[in-house]
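Asker: with the input below, show me the fold.
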Amino acid sequence: MHKDELLELHEMMVTIMEHFRDRPDIDPTLFDQYDELDVKPSDVHKSKSEHKHAVFVLGNSLANAMSDDEFSSAGRIGKRMEELAEDTEKRL
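Answerer: Alright, predicted model coming up:
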């Protein structure tokens, strides 16, 4: 995936995150790990690896927001996103 495509995906995922943040049934701390990264889609000067890591961390949070438990489809996706986030973090 090219960096510009990754930035576009990142932006779409942030839009989805904002919708979840508006819901009263979602834990407000769910996206804290993503927020702590301080990598936003508009940060074009950040590396592709940093954006990839942010996308995986955000993907994990979004999947957790949608899952009932770790065995649901969203729960399994969240687990995989967590693994990918850990892998990309090692490469930063």
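Asker: nearest residue to the middle of this structure?
Answerer: Residue closest to the average C-alpha location in the chain (CA atoms, centre = their mean): Leu58, at 1.1 Å.
Asker: pLDDT weak spots in the chain?
Answerer: For the chain, the stretches with pLDDT under 70 are 68-72.
Asker: what about the strands in it?
Answerer: Ranges of strands within the chain: none, based on DSSP state E.
Asker: in it, what residue sits furthest out from the centroid?
Answerer: Pro24 (19.9 Å).
Asker: for the nearest residue to Gln33 once chain neighbours are set aside, give its distance to Pro24.
Answerer: Of all residues not flanking Gln33 in the chain, Val57 sits nearest, at 5.6 Å (CB to CB, 6 or more residues apart in numbering). C-beta here means a position set from N, CA and C on the backbone, and glycine is covered the same way. According to CB to CB, to the nearest Å, Val57 and Pro24 sit 24 Å apart.
Asker: tell me how far Val14 lies from His51.
Answerer: 11 Å.
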